[in-house]
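1. here you go, sequence then predicted model.
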Amino acid sequence: MTSTPRFDFERLKAALSVAARRAFVEIQTAHRDERIYSFALFTSSELRHILPTAATEEGLSEAARTYAERGQGRGLSLDELRHLLRWSVVDSPLHLEGAGHFEGVQDLLAPLPDILDSLPQNSWDEFNAIVEQYVGVCVDVLKQLDAEEVFGQQERRNAIVLNVVMGSESDEERIKYARLLNPRPTVLRYQAELGLERESRFWSTGAD
């Protein structure tokens, strides 16, 4: 069995921590009069990028109006469109805001797709080990910034869902990552907004 190709995840974590801190602080400054409800690190299943994304209630209303004006609302009301678009990160006007801070992160990620491609066929253990470390870096960085109170305290913090999103993951996977990063009441609200019924398995090892 071949060993997992080497990738410097510690270096990635250090660079991502700096980039995310700068981006998320900048977003809050630029949108200080808006109600932020989401911060996330946006990536892909191919592990080709990590970028910032965020959402505000005001931005959500803007996205809903845009859909309605373009005739994309399928007869839905603005409230219904807001519900539909709330967790569509790519529709948020703040999606990728602050991405300029992540250029160094992208440079570090450049060899990772080739490393994945070089794995022997059907070497799922090695592939999954890399993905686990990659997502773990994203989670650890968000936890670190949260501990530094970058996302605020108490009610302000609890109104925000922190997450790692890939765009193609299931709602169950979104909940799995959200559980690692948020207080239980925040996750339950997020779960309800995704339209999922509460399932005890999500909390089998949960932390409040």
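-> Okay, I see it. Numbers count the residues shown, from 1 in each chain.
2. ok, longest helix in this protein?
-> Longest helix of the chain, by residue count under DSSP state H: helix 124-147.
3. in it, what counts as buried?
-> Residues of helix 124-147 classed as buried under the neighbour-count rule (16 or more other C-beta atoms under 10 Å) are 126, 130, 134, 135, 137, 138, 139, 141, 142, 145, 146. Where C-beta positions appear, they are placed from N, C-alpha and C, glycine not excepted.
4. return the list of helices and strands in contact with the helix or strand of the chain with the lowest mean pLDDT.
-> Here the helix or strand of the chain ranked lowest by mean pLDDT, DSSP states H and E is helix 112-117, holding a mean of 89. Judged by 3 or more C-beta pairs under 8 Å, 6 or more residues apart in numbering; DSSP states H and E, the packing partners of helix 112-117 are helix 124-147.
5. ramachandran angles for residue 41?
-> Main-chain torsions, residue 41, degrees, to the nearest 10: phi -100, psi 120.
6. what's the burial count for it?
-> Neighbour count for residue 41, taken as other C-beta atoms under 10 Å: 28.
7. got it, and the one 3 residues further on?
-> Residues within reach of residue 44, counting by other C-beta under 10 Å, total 15.
8. please look at it and residue 166 and confirm they touch.
-> Yes. With contacts counted by C-beta atoms under 8 Å, residue 44 reaches residue 166, the gap being 5.7 Å.
9. which residues of this protein score low on pLDDT?
-> Applying pLDDT under 70 to the chain flags residues 1-5, 197-208.
10. residue boundaries of the strands in it?
-> Ranges of strands in the chain, per DSSP state E, are 36-42, 51-56, 161-165.
11. for the closest residue to residue 183 other than its chain neighbours, grab the count of nearby residues.
-> Leaving aside its sequence neighbours, residue 183 sits nearest to residue 158 (C-beta to C-beta, 6 or more residues apart in numbering; 5.9 Å). Neighbour count of residue 158, defined by other C-beta under 10 Å: 15.
12. and residue 158, how close does it get to residue 83?
-> From residue 158 across to residue 83, the span is 21 Å (C-beta to C-beta, to the nearest Å).
13. hmm, back to that, for the longest helix of the chain, C-alpha coordinates in CSV please.
-> What follows is helix 124-147, C-alpha atoms only, in CSV (Å, rounded to 0.1, in the frame of the first residue of the first chain):
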residue,chain,number,x,y,z
TRP,A,124,-10.3,5.5,-1.2
ASP,A,125,-8.7,5.3,2.2
GLU,A,126,-5.9,7.7,1.1
PHE,A,127,-8.4,9.9,-0.7
ASN,A,128,-10.6,10.2,2.3
ALA,A,129,-7.7,10.9,4.6
ILE,A,130,-6.7,13.9,2.5
VAL,A,131,-10.3,15.2,2.3
GLU,A,132,-10.7,14.7,6.1
GLN,A,133,-7.5,16.7,6.8
TYR,A,134,-8.6,19.4,4.3
VAL,A,135,-12.0,19.9,5.8
GLY,A,136,-10.5,19.6,9.3
VAL,A,137,-8.3,22.6,8.5
CYS,A,138,-11.3,24.7,7.5
VAL,A,139,-13.2,23.7,10.6
ASP,A,140,-10.2,24.4,12.9
VAL,A,141,-9.7,27.8,11.4
LEU,A,142,-13.3,28.8,11.9
LYS,A,143,-13.2,27.4,15.5
GLN,A,144,-10.0,29.5,16.1
LEU,A,145,-11.6,32.7,14.8
ASP,A,146,-14.8,32.0,16.8
ALA,A,147,-12.7,31.6,20.0
